[in-house]
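*Asks:* quick check, what structure comes out for this input:
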Amino acid sequence: MTAQPNPAAPPAEAAAARPATPRYALYFAPPAQSPLWRFGSAVLGYDAEAGTPSAPLALRRFDAARWSEITAEPRRYGFHATLKAPFRLAPGRREAELTAACARFAGNRAGFACPGVTLASIGRFLALRLAAPSAALDRLAAGAVAALDEFRAPMTEAEREKRLRAPLTPRQREYLDRWGYPYVLDDFRFHMTLTGPLEDEERALAEAELAEHFAASGGDGPLIVREIALYRQETGPFRLIARFPFGS
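*Replies:* All right, here's what the predicted structure looks like:
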């Protein structure tokens, strides 16, 4: 099974020469030409596959400057749904090894369909969530968490303290210490983040704005999952560097 690299991404062989310590994440990313990808990239103002700004939404309720602030946090990560949360490589591990492991992981899986996504509030931010639960997606995320954990460097104390600022259940604290991220396994909830945290009134306006654009986007059909994507972050936002199709 071979990956489909992003031709716009810097070559993996150059990774060792970069001054920054990269972070990696395994995500679900809709196909680059799909209505869902175009919608999410337009909302964030950033196309993570091309690594360039995307054509912005024609906003009615917000000016461009405020919308850029609202979407600044999710724009850092690119449009995606998390399977394996961002991590630095463990000492002695290389990007090529991680890429090969992602290819093996994807090669042992078959594609599947699950319900479409709907716009929803998650706490104080807006995201796309599944219209109904999907056991297949839950299994995919759980498998990714375990299969790639050997490549994850341990959290620093600063990283752990930052995570602990959020209210976590005892089980989520256990997951944080074991897997480096609290929202895994039984606490995994598939979502594709569209905004940062907002106060109630502004969140209602943003939800109305996004609902109109999403309804017109064509991105509300069934979600077809037949590949996973590896993202890398150096000094700027995350970039999609390779897609790994399911099956041999």
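*Asks:* please count neighbours and contacts with C-alpha atoms only from this point.
*Replies:* OK.
*Asks:* backbone dihedrals for the closest residue to Thr21 other than its chain neighbours, please?
*Replies:* Nearest residue to Thr21, sequence neighbours excluded (C-alpha to C-alpha, 6 or more residues apart in numbering): Glu234, at 6.6 Å. Per-residue torsions, Glu234: phi -110, psi -100 (degrees, to the nearest 10).
*Asks:* touching, Glu234 and Arg76? I think so.
*Replies:* No: between Glu234 and Arg76 there is no contact under C-alpha atoms under 8 Å: 11.0 Å.
*Asks:* which residue, other than its chain neighbours, is closest to the residue of the chain most remote from its centre?
*Replies:* For the chain, the largest distance from the centre (C-alpha atoms, centre = their mean) belongs to Arg60, which lies 27.2 Å off. The shortest distance from Arg60 to any non-neighbouring residue, by C-alpha to C-alpha, 6+ apart, is to Glu209 (7.2 Å).
*Asks:* in three-state terms, label Gly40 for me.
*Replies:* helix (DSSP: H, G, I helix; E, B strand; the rest coil).
*Asks:* that one contacts Phe79, doesn't it?
*Replies:* Yes: with contact defined as C-alpha under 8 Å, Gly40 counts as touching Phe79 (5.8 Å).
*Asks:* mind showing which ranges of this structure have poor pLDDT?
*Replies:* Applying pLDDT under 70 to the chain flags the ranges 1-3, 5, 7-20, 248.
*Asks:* kindly list the longest helix within it.
*Replies:* Taking DSSP state H as the criterion, the chain has its longest helix at helix 200-217.
*Asks:* contacts for that helix?
*Replies:* The contact list for helix 200-217, computed with C-alpha atoms under 8 Å, 6 or more residues apart in numbering, reads 35-36, 39, 57, 59-61, 119-120, 124-126, 220.
*Asks:* mind doing that once more with 7 Å?
*Replies:* Residues outside helix 200-217 that contact it (C-alpha atoms under 7 Å, 6 or more residues apart in numbering) are Pro35, Phe39, Arg61, Leu119.
*Asks:* please report the distance of the residue lying closest to the first one once chain neighbours are set aside from Thr82.
*Replies:* In other words, Pro35. The shortest distance from Pro35 to any non-neighbouring residue, by C-alpha to C-alpha, 6+ apart, is to Gly219 (4.9 Å). Using C-alpha to C-alpha, to the nearest Å, we find Gly219 at a distance of 19 Å from Thr82.
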